[in-house]
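>>> below is the structure, and that's it, no one-letter string:
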């Protein structure tokens, strides 16, 4: 039976109260809990279901893992600087590393599309590699003091291209219902748009929401590696929807 809600006891099993972001997820995902199992199974295929594993577990794990990556980037700044200095000796510019990451994202999309069931595993692994180079380009830019508005613009724009490529591959590979893929991609792009628009108006939305790009792609890659790319798309949709609503709410309040 597919459980699509977040249970408060599960969130506080370690004696810690649920965070504000996860409480928002509770309210949003309670709507999903009202849907029948058959309706959910009609959206996601192949038709395997998690017998006793609630979606809340995956949401919590993916959100925590994504935030852990962000914390690691901050805490390991010196290490990343060292990595940036080492890779900068290869003579590639930060923008070149950005394109390397894009190539792995394109490869992930191609893997989902053309590699059959093996495409889930290969696609998930390639997403992780692409994520590594998404860190590398910034590290090289900082290490060589080549941080620029042009680089930031290209990085953000090519990230969107990468997402389109990945979800297009999943769609063409038949791992999830086309409507579900379209919604997941659309909401992912809206999450990015709300941050960019808010930034242009002087409101920072960095770190707002349980499903930033790193969390979404990490969740998708892990579930793809496990052979559940369809459920990965569903989880991305839910994370992106909650994050989009939270960012709209936060920005609207700040701009009053």
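That came in fine, so what should we check first? This structure is a prediction, so every number in the text was calculated from the model and none was measured. Residues are numbered from 1 along each chain as shown.
>>> where does pLDDT dip in the stretch 51-200 of the chain?
Low-confidence segments of the stretch 51-200 of the chain (pLDDT under 70): 51-82.
>>> please redo it, this time with the cut-off set to 90
Within the stretch 51-200 of the chain, the stretches falling below the threshold (pLDDT under 90) are 51-97, 115-117, 131-152.
>>> all helices of it, in order?
55-75, 77-88, 94-114, 118-143, 149-173, 178-200 (DSSP state H, counting those that start in this stretch).
>>> for residue 218, which of those is the nearest?
Nearest of these to residue 218, taken as CB to CB: helix 55-75 at 5.3 Å. C-beta coordinates here come from the backbone N, C-alpha and C atoms, glycine included.
>>> can you put the helices of the stretch 51-200 of the chain in a markdown table and add mean neighbour count?
Output for the helices of the stretch 51-200 of the chain, formatted as a markdown table (neighbours: other CB atoms under 10 Å):
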| stretch | mean neighbour count |
| --- | --- |
| helix 55-75 | 17 |
| helix 77-88 | 15 |
| helix 94-114 | 21 |
| helix 118-143 | 21 |
| helix 149-173 | 18 |
| helix 178-200 | 18 |
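>>> can you list those helices in CSV and add distance to residue 228?
Converted to CSV, those look like this (distance: least, CB to CB, whole Å):
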stretch, distance to residue 228
helix 55-75, 9
helix 77-88, 31
helix 94-114, 13
helix 118-143, 8
helix 149-173, 12
helix 178-200, 13
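>>> for residue 244, which of those is the nearest?
helix 178-200 (5.1 Å).
>>> show residues contacting that closest one.
43-44, 156, 159-160, 163-164, 167, 170-171, 176, 204-206, 208-209, 211-213, 216, 230, 233-234, 236-237, 240-241, 243-244, 247-248, 251, 254 (CB atoms under 8 Å, 6 or more residues apart in numbering).
>>> so of those residues, which ones are in strands?
Of the positions in these, not one sits in strands, assigned by DSSP state E.
>>> write a ChimeraX command that selects only the buried members of these.
The following ChimeraX line selects those of those that are buried, judged by 16 or more other CB atoms under 10 Å:
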select :43,44,159,160,163,167,170,171,176,205,208,209,211,212,213,216,230,233,234,236,237,240,241,243,244,247,251
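>>> state the distance from residue 246 to residue 185.
From residue 246 across to residue 185, the span is 19 Å (CB to CB, to the nearest Å).
>>> ok, residue 106 next?
For residue 106, the distance to residue 185 equals 15 Å [CB to CB].
>>> just to revisit the earlier point, and the contacts of helix 178-200, which of them are in helices?
Applying DSSP state H to the contacts of helix 178-200, the entries found in helices are 43, 156, 159-160, 163-164, 167, 170-171, 213, 216, 230, 233-234, 236-237, 240-241, 243-244, 247-248, 251, 254.
>>> returning to that earlier point: residue 220 is nearest to which of the helices of the stretch 51-200 of the chain?
Ranked by CB to CB, the member of the helices of the stretch 51-200 of the chain that lies closest to residue 220 is helix 118-143, at 6.5 Å.
>>> packing partners for the closest one?
Taking 3 or more CB pairs under 8 Å, 6 or more residues apart in numbering; DSSP states H and E as contact, the helices and strands that helix 118-143 lies on are helix 77-88, helix 94-114, helix 149-173, helix 213-225, helix 229-254.
>>> name the nearest residue to residue 109, sequence neighbours excluded.
The shortest distance from residue 109 to any non-neighbouring residue, by CB to CB, 6 or more residues apart in numbering, is to residue 169 (3.1 Å).
>>> so that neighbour makes contact with residue 110?
Yes: Residue 169 lies in contact with residue 110 (CB atoms under 8 Å); the separation is 6.1 Å.
>>> circling back: closest one to residue 225 among the helices of the stretch 51-200 of the chain?
Nearest of the helices of the stretch 51-200 of the chain (CB to CB): helix 118-143, 3.9 Å.
>>> quick one: that closest one to helix 149-173, angle?
180 degrees (axes from the mean of the first three to the mean of the last three CA atoms, to 10 degrees).
>>> how big is the angle separating helix 118-143 from helix 213-225?
150 degrees.
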